[in-house]
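# Sequence first, then the predicted structure, then my questions.
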Amino acid sequence: MFPLSALREFITSNQLFTSGERILLAVSGGKDSVFMAHLFREAGVAFGIAHCNFGLRGAESDRDEQFVRELAAGFDVPLHVRHFNTRTYADKQRISIQMAARELRYQWFEEERLAGGYDYIALAQHQTDLVETVLINQLRGTGIAGLHGILPKNGRLIRPLLFLTAAEIDRLVTTAAIGWVEDSSNAETKYQRNKIRHEVLPLLRQINPSLEHTFAANAVRMLQAGQLVDKSISDLQARLLVPGNKQKIPIRDVKDLFPQELLLFGLLRPFGFHEEAVTRIISVLNAPSGRQFFSHTHRLIKDREYLIIDELERENPFSAKLKRGESLETLLWSINQLEQDVAGLPRSKHVACVDTNLLIYPLTIRYWQEGDRFMPLGMKGFKKLSDFFIGQKLNVAEKGRVPLLVNGNGDIVWIAGMRLDERYKIGPGTKKVSIFEFKIKPVGR
């Protein structure tokens, strides 16, 4: 009745765990995770059950928890339950409810694994989940890792049901008369995954009835291709990265890379640079020296012969010099600079028009520091930036992400995208205008 031989073969071939190791099963009460618990019990694996109550579906969430409690009691296995205030966490972190639930459960699973002496955490994802994940990744845009989708084993996370499809689990659950509870949100097609599950996959199965098995085979090939790329990047790191306080990559070697964007991304990924930044870095390989790019942890400078990478200081996580006519970009935003005559100036809160003669180069672009003050446009007195940000209803995290354009004498010229300093506005005697354009980048992959 239960596919025990296939399970053991899958566990062995993917080295999920060994006999005698204890597994913490993530059980929601739904069909797949309940089946996984029954399967592990029949296979004689030592396990405990972990259940998350996210408090998002009222009485239905409590019903699911009670079902899992009764399941664990019937199996006589350890039960771990945690209640989460998911909406509050999502609001505080400024993330979606789905992302909040994901972060909360994985953090808690690992805490329970360590506290309970478990070796691995088992998730009940199957081949149909793999197909959905690969399709979602492709819709968003992805690299090789996204094409192989979810892995049977990733660190301490294992997925022992990846040898089965959703339809196969349905048949096994029906045959064994296994009880489970249904999450009503699974039927709502407003969620991207559910829309793919209920509307897209049925159409694809008309073309290929063995859809899941085809994707699973492709996932293995993509995983192997990814391993080959990783090996190539590892060899490049050993050959190209010049050791020292600052990492240096010879530009002549970067120009010889093929495929260039893929391999350079692999080289720069450990320093926090995303694909979009790599594309821009490639576009300036033949440009004059001085262009700077920032990740959350590192700065990359395009020099004459090298791409120079150094780590940002933790106490002062971002500070960059801006020469006359230069532009600057980070993963989150960019500031472009140009000069023109007074006539026909742009008008936008994202553009600052400054009297060029008042600027002392190099300028500095940095974030807010305690004690900063400026003279807001239209006012005659100084104002603390902290008070200005309060007036703009920015929280601590938000005010720490607003770039400041600072003159060579230390004056704050512009709070990018928000307010110019009164002292640097153009006036009747202005002959030349420096224009700074601030652009916030869309959320990347």
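On my side now, so go ahead.
# quick one: the helices in the stretch 301-445 of the chain?
For the stretch 301-445 of the chain, the helices defined by DSSP state H, counting those that start in this stretch cover 385-391, 396-399.
# Dump those to CSV, plus mean neighbour count, distance to residue 105 and mean pLDDT.
(Each C-beta comes from the backbone N, C-alpha and C, glycine too.) CSV is the format used below for the helices of the stretch 301-445 of the chain (neighbours: other Cβ atoms under 10 Å; distance: least, Cβ to Cβ, whole Å; pLDDT from 0 to 100):
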stretch, mean neighbour count, distance to residue 105, mean pLDDT
helix 385-391, 15, 34, 89
helix 396-399, 12, 23, 68
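# Tabulate the ones you listed in TSV, adding columns for distance to residue 9.
Shown next, in TSV, are these (distance: least, Cβ to Cβ, whole Å):
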stretch	distance to residue 9
helix 385-391	60
helix 396-399	49
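# closest to residue 208 out of these?
Closest approach to residue 208 among the helices of the stretch 301-445 of the chain (Cβ to Cβ): helix 396-399, 46.4 Å.
# May I have stretch 73-89 as PDB, with CA atoms only?
Taking Å, rounded to 0.1, in the frame of the first residue of the first chain, the C-alpha atoms of stretch 73-89 are listed here in PDB:
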ATOM      1  CA  ALA A  73      -0.800  11.600  19.900                       C
ATOM      2  CA  GLY A  74      -2.100   8.700  17.800                       C
ATOM      3  CA  PHE A  75       1.500   8.100  16.500                       C
ATOM      4  CA  ASP A  76       2.900   8.600  20.000                       C
ATOM      5  CA  VAL A  77       5.600  10.900  18.700                       C
ATOM      6  CA  PRO A  78       6.900  14.200  20.000                       C
ATOM      7  CA  LEU A  79       4.900  17.300  19.000                       C
ATOM      8  CA  HIS A  80       6.200  20.800  18.700                       C
ATOM      9  CA  VAL A  81       3.700  23.700  18.100                       C
ATOM     10  CA  ARG A  82       4.300  27.400  17.700                       C
ATOM     11  CA  HIS A  83       1.800  30.200  17.400                       C
ATOM     12  CA  PHE A  84       2.900  33.200  15.300                       C
ATOM     13  CA  ASN A  85       1.600  36.800  15.100                       C
ATOM     14  CA  THR A  86       2.300  36.700  11.400                       C
ATOM     15  CA  ARG A  87       0.500  40.000  10.300                       C
ATOM     16  CA  THR A  88       2.400  42.000  12.900                       C
ATOM     17  CA  TYR A  89       5.700  40.500  11.800                       C
END
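# How about that stretch, which residues are buried there?
For stretch 73-89, a neighbour-count test (16 or more other Cβ atoms under 10 Å) marks 75, 77, 78, 79, 80, 84, 86, 89 as buried.
# What about these, which are in helices?
If you go by DSSP state H, the buried residues of stretch 73-89 have 75, 86, 89 in helices.
# For residue 281, which non-adjacent residue is spatially closest?
Distances taken as Cβ to Cβ, 6 or more residues apart in numbering place residue 293 nearest to residue 281, at 5.9 Å, with adjacent residues excluded.
# and that neighbour, what pLDDT?
pLDDT for residue 293: 86.
# which residues touch the helix or strand hosting it?
In the assignment (DSSP states H and E), residue 293 maps to strand 292-294. Outside strand 292-294, the residues that touch it by Cβ atoms under 8 Å, 6 or more residues apart in numbering are 273, 277, 280-281, 299-302, 312, 318, 320, 328-331.
# same question, stretch 79-88
Residues outside stretch 79-88 that contact it (Cβ under 8 Å, 6+ apart): 24, 48-56, 65, 68-69, 72-73, 97, 100-101, 104-105, 108, 112, 116.
# picking that back up, so which of the helices of the stretch 301-445 of the chain is nearest residue 363?
Of all the helices of the stretch 301-445 of the chain, helix 385-391 sits nearest to residue 363, with 17.2 Å by Cβ to Cβ.
# the bottom helix or strand of this protein by mean pLDDT?
Every helix and strand of the chain was ranked by mean pLDDT, DSSP states H and E. The lowest is helix 396-399, at a mean of 68.
# so how far is the strand holding residue 293 from its chain's centroid?
Remark: strand 292-294 is offset 19 Å from the chain centroid, using Cα atoms, centre = their mean, to the nearest Å.
# List the strands paired with that strand, with their directions.
Using DSSP bridges, strand 292-294 pairs in its sheet with strand 298-302 (antiparallel), strand 328-330 (parallel).
# Mind checking the pLDDT average for the first one?
Pointing back at strand 298-302 there. Rounded mean pLDDT across strand 298-302 is 87.
# Now a PyMOL select for only the buried ones of the contacts of stretch 79-88.
Burial among the contacts of stretch 79-88 is assessed by 16+ other Cβ under 10 Å; the matching PyMOL selection reads:
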select buried, resi 24+48+49+50+51+52+53+54+65+68+72+100+101+104+105+108+112
